[in-house]
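**Student:** below is the structure, and that's it, no one-letter string:
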């Protein structure tokens, strides 16, 4: 059986299966090429819901959007968007985490527990 990831659709499907019913710690970083430093854009912990592909003008893929279940204290659904070049997304599978990189952005999703 071939489990390779050949497209963003395959990646989204893999993420949904891998992170299903998991609480994850998320950290989105941007590598600022001008200042040559890393900026933390978002950091939080939430229960994973789903991932989707975001298209911009001319139906060009511009991001992967991650949705999370709101906690008992939140009214809005937490979300996070990782800007991507659809032809250049690097995914590293770690022991208890996934790291994705594209353009100058890096997203770490560390599983803190499975429900």
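**Tutor:** Structure received. Because the structure is predicted, anything quoted here is derived from the model rather than measured.

**Student:** all contacts plus neighbour counts: C-alpha atoms, from now on.
**Tutor:** Fine.

**Student:** and the longest strand for the protein?
**Tutor:** Among the segments of the chain that qualify as a strand by DSSP state E, the longest is strand 37-55.

**Student:** what helices or strands is that one leaning on?
**Tutor:** When contacts are defined as 3 or more CA pairs under 8 Å, 6 or more residues apart in numbering; DSSP states H and E, strand 37-55 packs onto helix 8-19, strand 22-32, strand 61-69.

**Student:** now mean pLDDT, mean neighbour count and distance to residue 96 too, for these, in CSV please.
**Tutor:** Listed next are those as CSV, based on pLDDT from 0 to 100; neighbours: other CA atoms under 10 Å; distance: least, CA to CA, whole Å:
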stretch, mean pLDDT, mean neighbour count, distance to residue 96
helix 8-19, 93, 16, 10
strand 22-32, 95, 19, 10
strand 61-69, 94, 18, 18
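
**Student:** what's the closest of those to residue 100?
**Tutor:** strand 22-32 (9.6 Å; CA to CA).
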